[in-house]
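Chemist: predicted model and sequence below, questions to follow.
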Amino acid sequence: MKQVYFLSDAHLGADSKLTSRQRELKLVRFLRAIKDQLSPTETGIVLLGDIFDFWYEWKYSVPNGFIRLLGTLAEMTDSGFNIFFLPGNHDQWTFGYLSMEVGIKVVPDPWTPEINSKKFFISHGHKVPPLSISERFTNALFESSIARRLFKLIHPDLGIWIAKKWSHTSRQNHPPSPPPKAIKKYENFVMQMENTNHYDFYIFAHLHYPIIKQIGKSTYVNTGDWLTHFTFAIFDGNTIKLQKWED
Ligand SMILES: [Mn+2]
């Protein structure tokens with residue numbers, strides 16, 4: 001892969017200043033520009049979590065919607081693009097549909113690939129300490145296999161209704177710009193990691209606030225969001241930049 005794009009937090013399914021459909025179409029235009037201009041074998045795309053405001057896969061059913069995005073992604077993977085999906089706290093319940101049907105590769109959090117001899121630490125960021133009690137509770141709930149299996153028993157119409165209620169509350173807690181403490185904890189995490197392990201690039205999301213910053217010998221990037229910022233990071237094989245998609 002010659003260049004890799006990183007983006008996150010579109011929270012499709014939830015309306016914001018722009019509706020979910022408007023943001024989905026923006027994302028599709030961004031992906032189409034990559035598809036039309038770049039070589040599939042040399043280009044990677046990492047979806048860094050919370051692309052969907054809620055995602056769950058029942059055995060024979062998935063949440064309706066997002067068909068333009070899913071179709072575009074499927075078209076791209078069919079023509080050879082490597083598209084990676086690192087689940088966020090809102091869309092970690094994927095059990096094979098996104099990989100089998102859409103053809104994207106679901107990777108673990110954290111994901112630490114080496115790309116063009118550079119070491120990456122890639123994570124959505126909802127597990128970066130310190131965590132509040134409610135964050136710890138939600139993380140444990142979503143990772144629990146019992147919760148997953150119980151949720152499967154709920155009819156999709158009811159399950160998605162419950163999830164939307166929960167997600168609405170969780171979004172109300174998201175201020176327009178994150179408190180300095182929340183910003184700082186990612187930087188502290190990078191410094192702590194660097195005491196034992198070196199990574200060239202740390203890429204996080206979840207903050208909904210784009211950041212690029214040199215920390216010691218590493219570059220830390222937060223991809224921002226596709227709710228209000230429409231930002232993405234691009235690794236050109238050597239360095240990383242943060243850009244805004246305007247159309
Ligand atoms: Mn998140």
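Modeler: Yep, that arrived.
Chemist: so which bits of this structure are right by the ion?
Modeler: Within the chain, the positions lying close to the ion (Cβ under 5 Å from the ion) are D50, G88, N89, H206. For glycine as for every other residue, the C-beta is placed from the backbone atoms N, C-alpha and C.
Chemist: highest neighbour count among those residues?
Modeler: D50 (29 neighbours; other Cβ atoms under 10 Å).
Chemist: now do the contacts for that one.
Modeler: By Cβ atoms under 8 Å, 6 or more residues apart in numbering, the residues touching D50 are S8, D9, A10, H11, G88, N89, H90, D91, H124, A205, H206.
Chemist: assign the last one to helix, strand or coil.
Modeler: Three-state call for H206 (DSSP: H, G, I helix; E, B strand; the rest coil): coil.
Chemist: before we move on, what about the second one?
Modeler: Secondary structure for D9, judged by three-state DSSP, is coil.
Chemist: low-confidence regions, this structure specifically.
Modeler: Residue ranges of the chain with pLDDT under 70: 169, 171-175.
Chemist: now do the helices in it.
Modeler: Using DSSP state H, the helices of the chain run over 20-37, 67-78, 97-100, 133-143, 145-152, 156-172, 180-196.
Chemist: re earlier: which single one of the residues of the chain next to the ion is nearest to M100?
Modeler: G88 (20.3 Å; Cβ to Cβ).
Chemist: can you tell me how far the closest one is from L12?
Modeler: 12 Å (Cβ to Cβ, to the nearest Å).
Chemist: overlap of the contact sets of those two?
Modeler: Common contacts of G88 and L12, defined by Cβ under 8 Å, 6+ apart, comprise I51.
Chemist: ok, now which ones touch the residue nearest in space to the middle of the chain?
Modeler: Centroid-nearest residue in the chain, with Cα atoms, centre = their mean: G49, separated by 1.9 Å. Neighbouring residues of G49 by Cβ under 8 Å, 6+ apart: 8-9, 86-91, 109, 124-126, 205-206.
Chemist: one more time with 6 Å
Modeler: G49 makes contact with S8, L86, P87, G88, H124, A205, according to Cβ atoms under 6 Å, 6 or more residues apart in numbering.
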